[in-house]
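> what shape does this take:
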Amino acid sequence: MKSTRVNRLALAVFLLALLPSIFAADNSAPLPAPPVAKKVPKTTEINGRTLVDNYFWLRDKPNPEVKAYLEAENAYTDAVMKPTEAFQKHLYDEMLSRVKETDVDVPYKEGGYFYYSRTEAGKQYQIRCRKKGSLDAPEEVLLDINEMAKGEVFMAVAAYAVSPDGNLLAYSTDNTGFRQYVLAVKDLRTGKKLVDHAEKVGSVVWANDNKTLFYTVEDEAKRQYRLYRHTVGTTGPDDLVYEEKDERFNVFADKTLSRAYIFLFSGSHTTTEVRYISADQPTAEWKVMQPRKQDVEYYPDHNGDFFYIRVNDTGRNFRLVKAPVGDPRSQKWQEVVPYRPSVMLDDITFFKNYYVRFERENGLPQISVTDLSSGQSKRIDFPEPAYDAFSSINREYDTPKFRYAYQSAITPLSIYEYDMGKATSVLLKQREIPGGYDRTRYQVEQIYATASDGVKIPISVVHLKGAKLDGKGPLYLYGYGSYGFSIDVNFNSNLFSMVDRGVVAAVAHIRGGGEMGKAWHDDGRMMHKKNTFTDFIACAEYLVAQGYGSKDKLVIEGRSAGGLLMGAVLNMRPDLFKAALVGVPFVDVMNTMLDESLPLTVGEFEEWGNPKEKPAFDYMITYSPYDNVEAKTYPNMLVKTSFNDSQVMYWEPAKYVAKMRALRTDHNLLIMKTNLNPAGHGGASGRYDRLKEAAFDYAFILTQMGISQ
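Take a look at the predicted model:
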């Protein structure tokens, strides 16, 4: 009987939340009461503490009460946001006007073909194509993802690997958003899909015999842990090549650009180990390049008679060494580029006669090209104070040309071809932005806030040129600050729906990220994690103090681990912000990190700490957002999640909102939007659907700033 009563209560709450439809013609009509989640206390005894979780029941995904509660929250959110529907539509049209709907990416050469993707107006997904021998040849459609998505709400393609002879395509798809990819093989000569099939697949690599595929698969905790060898055209059990026993480590297979070797990487957040075979000998015994050593990461590439290895054995920011392919043990390493405290060696790519270093210095990405014959290096110059630069698609080994991508807050994505011998760049294509976009209307700045311990924190800012920065205007601040990921300033045409309305938009490059190298990451993880939060607060305070905006119009945003950032700073300084968009947030730190059955948990002990260990527990409990929600006033908030999110489970934001509703003492706005359709950590998969989600988010952000048209 108790179960029946609870179900009726959930249904009543859900129906109550639907009432706004009655008031559709009157935006001033009162809103229904927000949903109230039931409390079912669950206690956990750990390290001498008792944790009480009143909303643990929301983890029960098949339970219809859970779905009813989320639907009720959605209905309440729709009611609150109903007055913005016309604004949302206007924002959507505005964002769409900046998209060249029918477009073609720059083709790249691989083997005897030119490969590219294109889009067509009105279609949600890319069409992946190639032409044989010349760009004037007839087009061959390899995958029309629009056709694959028919009858599906979500469709994502991950692996996309053509056999060396160009005849077969191995690819993987996910139609749920849960990042569980199914492997398929297509015969490009006939257009037919073959019998090959594998599930929960990650990386996919071809051997040089054009019939052997290596692929990795995940375990129950979504950890890529096994490597299999498969012969195309067979359905029998595949050969298990390797299984990674350490639950902190994931495995990933890759092939060198030289096509000579296949690598199997085993990696945790702090340590790696690499096995290798000749790509010509798929049944050969895999050799360990260098046995794993805690806190040492190494990443090899190949050129000629040597493996070139990026390694952090002598310093956190990595150095480059080389070793003979016949004996690549560390005893044989010869230094090529030394460790430099002020320069992070992020990645390397080796061509036959040149190699490219991707580095970070002074918080910005850099690209250097070295001639292997002369040893001379040249760095590519970039013109703006804040930007993003990275490798484009390079599939040819014996070439003097290297492609890279460049963009900034005001420069659209641009693909360049760099002549490594002449040290000259040629622009191949800059993404066209329709609708009269004019980059000269905007100004980009790189400024620095001072953290509580005196460290200078970079902030990238974009605003209208000549804007009056008098401390009275709207201000938007984004942050992430985890995993050593660098949040470089890229071009997002949607952002101009803010900036054109006078908003100053900023990104805080806080510790925990990788913008300033490995030490920057180290200073914002484990027992230093709270630096991430105090850095963000310092950036917000600095922007307000310098007149970039008013705290009464300051809206902040963070997603995933950036959602943890949002939850932490809202607990610490709720008075500093007008509103927050908290996306797919990792807010239930203690409960998640205590549950080793969940995806990512064990591997992330090296990012956050293991709360089963008392020192880590005592530190983590002080910032975990869910555990520190208090009876006090909070800013207006929009919390977003996906029911099928596999990276941050939907119940974390759901529990967070439920607890905050029960405790906060204000009458400020708190709404939650759950994508109950198949969708992933990043939301919808179709490009038009993503624009609708962005228009919804921007309508919330702008109205919080007092902008409604």
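
> residue contacts, residue 395?
Shown in contact with residue 395 (CB atoms under 8 Å, 6 or more residues apart in numbering): 108-110, 115, 257. In short, each C-beta sits where N, CA and C put it, glycine included.

> out of the residues you listed, grab the one that's most surrounded.
Within the contacts of residue 395, most neighbours by other CB atoms under 10 Å means residue 115, with 21 neighbours.

> mind exporting the C-alpha coordinates of stretch 643-659 to PDB?
Taking Å, rounded to 0.1, in the frame of the first residue of the first chain, the C-alpha atoms of stretch 643-659 are listed here in PDB:
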ATOM      1  CA  PHE A 643      18.800  10.500 -18.300                       C
ATOM      2  CA  ASN A 644      21.300   8.400 -20.300                       C
ATOM      3  CA  ASP A 645      24.500  10.300 -19.300                       C
ATOM      4  CA  SER A 646      27.200   7.800 -18.600                       C
ATOM      5  CA  GLN A 647      29.800  10.200 -17.300                       C
ATOM      6  CA  VAL A 648      27.800  12.000 -14.600                       C
ATOM      7  CA  MET A 649      24.800   9.900 -13.700                       C
ATOM      8  CA  TYR A 650      21.500  11.800 -13.900                       C
ATOM      9  CA  TRP A 651      20.800  11.200 -10.200                       C
ATOM     10  CA  GLU A 652      23.700  13.500  -9.100                       C
ATOM     11  CA  PRO A 653      22.000  16.700 -10.300                       C
ATOM     12  CA  ALA A 654      18.500  15.300  -9.400                       C
ATOM     13  CA  LYS A 655      19.600  14.600  -5.800                       C
ATOM     14  CA  TYR A 656      21.400  18.000  -5.600                       C
ATOM     15  CA  VAL A 657      18.300  19.900  -6.700                       C
ATOM     16  CA  ALA A 658      16.000  17.900  -4.400                       C
ATOM     17  CA  LYS A 659      18.300  18.700  -1.400                       C
END
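
> using TSV, lay out the contacts of residue 395 together with secondary structure.
Formatted as TSV, the contacts of residue 395 follow (DSSP: H, G, I helix; E, B strand; the rest coil):
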residue	secondary structure
108	strand
109	strand
110	strand
115	strand
257	coil
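
> pick the one among those closest to residue 446.
residue 108 (31.7 Å; CB to CB).

> residues in a beta bridge with the closest one, which ones?
The partner list for residue 108 in beta bridges (DSSP bridges) reads residue 115.

> could we number from 735 for the rest of this?
Noted, 735 is the first residue going forward, which turns the last one into residue 842.

> residue boundaries of the helices in the stretch 985-1134 of the chain?
With helices called from DSSP state H, counting those that start in this stretch, the stretch 985-1134 of the chain shows none.

> not counting sequence-adjacent ones, nearest residue to residue 1171?
Leaving aside its sequence neighbours, residue 1171 sits nearest to residue 832 (CB to CB, 6 or more residues apart in numbering; 6.4 Å).

> per-residue pLDDT, the one you found?
Predicted confidence (pLDDT) for residue 832: 98.

> just residue 1374 next, same as before
At residue 1374, pLDDT is 98.

> got it, and the one 10 residues further on?
Reported pLDDT at residue 1384 in the predicted model: 98.

> before we move on, the earlier item: burial check on the residue nearest to residue 1171, number of neighbours?
Neighbours around residue 832, by other CB under 10 Å: 20.

> how close does it get to residue 825?
Spatial separation of residue 832 from residue 825 under the definition CB to CB, to the nearest Å is 11 Å.

> check residue 987 too.
As judged by CB to CB, residue 987 and residue 825 stand 42 Å apart.

> out of the contacts of residue 1129, which is nearest to residue 1124?
residue 842 (14.8 Å).

> was I right to think the closest one contacts residue 851?
No: the criterion here is CB atoms under 8 Å, and residue 842 misses it with residue 851 at 10.2 Å.

> for the stretch 935-1084 of the chain, give me the ranges with low pLDDT.
Along the stretch 935-1084 of the chain, segments meeting pLDDT under 70 are nowhere present.

> any chance you could map the strands in it?
All strands of the stretch 935-1084 of the chain, identified by DSSP state E, counting those that start in this stretch, fall at 935-940, 946-952, 958-965, 973-977, 984-989, 995-1001, 1006-1012, 1021-1022, 1032-1037, 1040-1045, 1053-1058, 1068-1071, 1077-1084.

> I figured residue 1163 hits residue 1148, correct?
Yes: counting by CB under 8 Å, residue 1163 does reach residue 1148; the two are 7.2 Å apart.

> all helices of the stretch 835-984 of the chain, in order?
Under DSSP H, counting those that start in this stretch, the stretch 835-984 of the chain gives helices at 879-882.

> which helices and strands sit right next to the helix or strand where residue 1177 lies?
Here residue 1177 sits within strand 1176-1184, counting by DSSP states H and E. Applying 3 or more CB pairs under 8 Å, 6 or more residues apart in numbering; DSSP states H and E, one finds that strand 1176-1184 makes contact with strand 1190-1198, helix 1264-1279.
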